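Peer 1: Sequence and predicted structure, then a few things I'm wondering about:
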Amino acid sequence: MLKTKVNINPAAIYHPINEAPAPSPETESIESMIARTQSPDYPQIAEGHKSAHQSLKLSFEEFQSALAHTDPDLADKKFGFTIEADGSLKVLDSSRQLSASDMDRLNELLNASSELKSAASSYRDASIALVAADATWGGNFMGGYILNKDNFANTIDLGALFLKKGTTPNAETLNGFFSSQLWSKGERMTHETVTQMPVGANKVDVTV
């Protein structure tokens with residue numbers, strides 16, 4: 001019988017280990033966003049905010065001076081305060097130096113000062129107007145936040161604005177600036193909140 005040899009070894013397989021992979025198509029993410037532009041009235045609004053800041057500073061200094069005479073034990077302690085949506089003032093134990101009794105006394109004293117309450121209310125209104133007039137990108141970079149009477153107390157410590165600032169940057173010195181407090185604790189604006197801005201508000205379409 002005639003025998004035929006058959007090669008049962010597999011054929012050589014080519015592995016393109018050195019072949020460069022085919023380039024994948026580049027993708028680009030495009031998102032349409034509505035951004036606020038800075039109001040043309042911003043310089044005047046900023047001046048109003050500066051004036052309100054100075055008035056609040058003088059009122060708080062007068063309050064602290066009176067406190068040194070009536071309640072020296074409280075005057076020696078660091079504390080902040082803010083203003084609630086209903087216009088009442090609220091002490092903030094930012095330095096953890098106050099007891100519950102201290103806070104009750106300070107809340108009573110703060111709200112007994114009609115001048116300080118009025119100055120705090122004016123400063124809050126000026127601050128809300130300042131943020132609303134600024135740009136989302138550019139300007140002073142405050143327009144990307146929402147500031148109103150409802151969230152102001154959770155955002156701005158008024159007392160921290162007037163603490164003596166040291167030469168070394170730290171959390172306490174940074175809190176001495178309104179913008180720093182807004183950037184660190186403020187409510188960020190979203191696409192939805194910008195689109196819900198009232199008709200006529202300063203805004204522009206931006207593609208990023």
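Peer 2: Yep, it's here.
Peer 1: only C-alpha atoms for contact and neighbour calcs from this point on.
Peer 2: OK.
Peer 1: Tell me which residues of the lengthiest helix in the chain come out buried.
Peer 2: Counting residues, the longest helix found in the chain (DSSP state H) is helix 42-70. Across helix 42-70, burial judged by 16 or more other CA atoms under 10 Å covers 42, 45-46, 48-49, 52-53, 55-57, 59-60, 63-64, 67.
Peer 1: From the contact counts, what lies against it?
Peer 2: With contacts taken as 3 or more CA pairs under 8 Å, 6 or more residues apart in numbering; DSSP states H and E, helix 42-70 sits against helix 72-75, helix 114-133.
Peer 1: Including mean neighbour count and mean pLDDT, could the ones you listed go into a markdown table?
Peer 2: Below are the helices and strands packed on helix 42-70 laid out as a markdown table (neighbours: other CA atoms under 10 Å; pLDDT from 0 to 100):
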| stretch | mean neighbour count | mean pLDDT |
| --- | --- | --- |
| helix 72-75 | 15 | 92 |
| helix 114-133 | 21 | 97 |
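Peer 1: Could I get the full set of helices for this structure?
Peer 2: 42-70, 72-75, 100-112, 114-133, 171-174, 178-185, 191-195.
Peer 1: Let's have those helices in a markdown table, adding distance to Lys164.
Peer 2: Listed next are the helices of the chain as a markdown table, based on distance: least, CA to CA, whole Å:
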| stretch | distance to Lys164 |
| --- | --- |
| helix 42-70 | 12 |
| helix 72-75 | 15 |
| helix 100-112 | 20 |
| helix 114-133 | 19 |
| helix 171-174 | 8 |
| helix 178-185 | 14 |
| helix 191-195 | 36 |
